[in-house]
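Asker: Based on what follows, work out the 3D shape:
(4 chains)
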Protein chains: 2
Amino acid sequence: MPSDLGTPAQPGSRIWYNCALAVDIVLLTIRHDQLYVLLINRSAPQAGQLALPGGFVLPDEDLQDAALRELGDETSLQVAIRHLEQLKTYGRPGRDPRGRVISVAYLVITPDLPEPRPGTDAIGARWHPVPQLLDRPGSLAFDHDTILADGVERARAKLEYTTLAAAFCQDDFTVAELRRIYEIVWATRLDPRNFHRKLTSTDFLEPTGQTTTRDGGRPAALYRVREDAAGIMNPPLLRKAD
Amino acid sequence: MPSDLGTPAQPGSRIWYNCALAVDIVLLTIRHDQLYVLLINRSAPQAGQLALPGGFVLPDEDLQDAALRELGDETSLQVAIRHLEQLKTYGRPGRDPRGRVISVAYLVITPDLPEPRPGTDAIGARWHPVPQLLDRPGSLAFDHDTILADGVERARAKLEYTTLAAAFCQDDFTVAELRRIYEIVWATRLDPRNFHRKLTSTDFLEPTGQTTTRDGGRPAALYRVREDAAGIMNPPLLRKAD
DNA sequence: CCAAAAGTGTTTGATTTACACCCATGG
DNA sequence: CCATGGGTGTAAATCAAACACTTTTGG
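Answerer: Numbering: from 1, shown residues only, chains lettered A, B, ... in the order given. Modelled structure (predicted):
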């Protein structure tokens, strides 16, 4: 019985346990009019390098539960999670120097958080602006550069035909705040007047009846996401230019 | 050292191998004007049941390589593969009675094959019509019903904004043949005249100069996919009705 | 000649875009 | 009153849907 096959799952089993299973989380938010991602400072291997939060899946733990647990351990903000989806799985041999580690990546979106730094524990989770990280490949440990790029690309694509943008917003938000999400994630400009008309004509925004002047100027109506709104919009909400 | 953590990856390692890694393949094609999926008859557990082709990833083997290898082992048609992408990862504890098995699913598209049955080996890989399978949950082993449904849904979605439909076609194809792909996968009818105008106005079809009368009637121009065509079309090629 | 499918033209309505203009607040 | 952003109206351009009509083959 060759040892590089690992160990039998059960005594006499015909299958072998020969890899370690991890989850990594791409947690995106918008602050200071920029896209930010939550990163930790690694200790074990690749010490001192920045990395996505994540960790090993427990025996008998579901993948998504593991992602939520790791996020809670390393930060402390699971309350505000508005969106969580499986992103992609990374399993290239050699991606982790410790052995065969395969990592299921999750994409998580939250609104900007009141506290500047969530999870002020030893690991030191902090927000980092995304554009700079994408400009400098090699700034993250393991293959986390690739995972981050894939996560951002997924978020960009989903703004077009889902209600994902609202996951970056507080419970109640103005149309202009929602528009800023699109403008920042797509790095583009959108006509405020046409955007307003288009978004208020869909059935995914529900007026709260309140208004706010927090953005200056004339008071803006506040909206929330309709409870029964489908996540996927057909036709697409907006089209990203080439 | 609790045994349910698995075994250390290396002597003295701080990580444990505690799961088995598999790939499963959703291989779709169109034949007899219907969507078909390639299934095998299981032997080991769930014997006699139908299942997606797949198997365990070898140590030091990349995930995508494993998918291609398993496809080659159980069928024998890797030549015709036009599209391969990672679909999703399934890791619910208990999804496999043999232990903790996590499976990375791949979606593969091929054109209709000359031979009625690819891979006439012991395992007995055969084409099965998709609609009947989706109508009867429980017809596949493990959680392969879910995986198949996710694969079909991915293919449906991607027809809308990518050139994926051409992956179901032979090298050279007519506009009408391409239209049949859409009609079958979306279970809808498309106006042949508007479809023709729309598709020939994109830059992803390249006329071969040849014509064919294989569909009857007036000879139709043959096209192939342009070498340098981007896979993603913006604006979307066609919109699927609600 | 007829049936069948390819392919073009045209009309109509919907959607998108650009931008003029008015509204309601804070300072 | 004025600067600031919220919000509505409208005309032009673009796109989508429906369908009349012509073209080119096989039988």
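Asker: Can you give me the end-to-end span of stretch A:42-49?
Answerer: Terminal residues of stretch A:42-49 are spaced 6 Å apart (C-alpha to C-alpha, to the nearest Å).
Asker: Quick one: distance of that stretch to the chain centre.
Answerer: Here the centre of stretch A:42-49 is set off from its chain's centre by 22 Å, with C-alpha atoms, centre = their mean, to the nearest Å.
Asker: Enumerate the positions of that stretch that are buried.
Answerer: Applying a neighbour-count criterion of 16 or more other C-beta atoms under 10 Å in any protein chain shown, one finds A:42, A:49 buried in stretch A:42-49. Placement of C-beta: from N, CA and C, glycine included.
Asker: On the three-state scheme, A:Arg156 is what?
Answerer: The local conformation at A:Arg156, judged by DSSP: H, G, I helix; E, B strand; the rest coil, is helix.
Asker: ok now do it, which residues does it touch?
Answerer: Residues in contact with A:Arg156 (C-beta atoms under 8 Å, 6 or more residues apart in numbering or on different chains) are A:185-186, A:240.
Asker: from what I can see A:Glu160 touches A:Pro235, true?
Answerer: No - assessed by C-beta atoms under 8 Å, A:Glu160 is found out of contact with A:Pro235, at 10.4 Å.
Asker: Give me the more crowded residue out of those two.
Answerer: Of the pair A:Glu160 and A:Pro235, A:Glu160 is the one with more neighbours under other C-beta atoms under 10 Å in any protein chain shown, namely 19 against 13.
Asker: Secondary structure of that one: a strand, I assume?
Answerer: No - counting by three-state DSSP, A:Glu160 is not part of a strand but helix.
Asker: Phi and psi next, for A:His196.
Answerer: For A:His196, the backbone dihedrals (degrees, to the nearest 10) come out as phi -60, psi -50.
Asker: how far away is it from A:Asp203?
Answerer: Look at A:His196 and A:Asp203: by C-beta to C-beta, to the nearest Å, they are 16 Å apart.
Asker: Which elements pack onto whichever strand in chain A runs longest?
Answerer: If you go by DSSP state E, chain A has its longest strand at strand A:20-31. Using 3 or more C-beta pairs under 8 Å, 6 or more residues apart in numbering or on different chains; DSSP states H and E, the elements in contact with strand A:20-31 are strand A:34-41, strand A:54-56, helix A:63-74, strand A:101-109, helix A:144-161, helix A:175-186.
Asker: Which of these sits closest to A:Ala167?
Answerer: strand A:101-109 (4.0 Å; C-beta to C-beta).
Asker: what angle separates that closest one from strand B:101-109?
Answerer: 70 degrees (axes from the mean of the first three to the mean of the last three C-alpha atoms, to 10 degrees).
Asker: I'd like the next helix or strand past strand A:101-109.
Answerer: As assigned by DSSP states H and E, the chain's next helix or strand after strand A:101-109 is strand A:126-129.
Asker: my guess is A:Gly124 meets A:Ser43, correct?
Answerer: No - using C-beta under 8 Å, A:Gly124 is not in contact with A:Ser43, being 9.8 Å away.
Asker: Common neighbours of these two, please.
Answerer: None of the residues lies in contact with both A:Gly124 and A:Ser43 under the rule C-beta under 8 Å, 6+ apart.
Asker: Tell me the spacing between the residue of chain A found nearest DNA strand C and A:Thr200.
Answerer: Closest to DNA strand C within chain A is A:Arg218: 3.1 Å, counting by C-beta to the nearest atom of the strand. Distance, A:Arg218 to A:Thr200, using C-beta to C-beta: 16 Å.
Asker: who has more neighbours, the two?
Answerer: Shown here are A:Arg218 and A:Thr200; by other C-beta under 10 Å, A:Thr200 has more neighbours (12 against 7).
Asker: Tell me if I'm right that that one and A:Leu178 touch.
Answerer: No - under the criterion of C-beta under 8 Å, A:Thr200 makes no contact with A:Leu178, lying 10.3 Å away.
Asker: Regarding stretch A:222-233, how distant is the last residue from the first?
Answerer: With C-alpha to C-alpha applied, stretch A:222-233 spans 21 Å between its terminal residues.
Asker: residues near A:Pro129, how many?
Answerer: A:Pro129, neighbours per other C-beta under 10 Å, totals 13.
Asker: looking at it, it is touching A:Gln34, isn't it?
Answerer: Yes - look at A:Pro129 against A:Gln34 with C-beta under 8 Å: they come within range, at 5.0 Å.
Asker: Leaving out sequence neighbours, find the closest residue to A:Thr211.
Answerer: In this structure, A:Thr211 finds its nearest non-sequential neighbour in A:Pro219, 3.9 Å apart by C-beta to C-beta, 6 or more residues apart in numbering or on different chains.
Asker: How about the contacts made by the one you found?
Answerer: For A:Pro219, the contacting residues are A:211-213, by C-beta under 8 Å, 6+ apart.
Asker: Considering only these, which also neighbour DNA strand D?
Answerer: Taking C-beta under 7 Å from any atom of the strand as the test, DNA strand D is in contact with A:Thr211 out of the contacts of A:Pro219.
Asker: ok so, going back, paired strands for the longest strand of chain A, with orientation please.
Answerer: Using DSSP bridges, the strands paired with strand A:20-31 in its sheet are strand A:34-41 (antiparallel), strand A:54-56 (antiparallel), strand A:101-109 (parallel).
Asker: Now those strands in TSV, please, with extra columns for mean neighbour count, mean pLDDT and distance to DNA strand C.
Answerer: Formatted as TSV, the strands paired with strand A:20-31 follow (neighbours: other C-beta atoms under 10 Å in any protein chain shown; pLDDT from 0 to 100; distance: least, C-beta to the nearest atom of the strand, whole Å):
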stretch	mean neighbour count	mean pLDDT	distance to DNA strand C
strand A:34-41	20	94	23
strand A:54-56	20	95	38
strand A:101-109	25	97	24
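Asker: Can you tell me the SS state at A:Leu190?
Answerer: Per three-state DSSP, A:Leu190 ends up coil.
Asker: Wait, it touches A:Leu238, no?
Answerer: Yes - with contacts counted by C-beta under 8 Å, A:Leu190 reaches A:Leu238, the gap being 7.5 Å.
Asker: the more surrounded of the two?
Answerer: Neighbours per residue (other C-beta under 10 Å) separate A:Leu190 from A:Leu238, with A:Leu238 holding more: 19 against 16.
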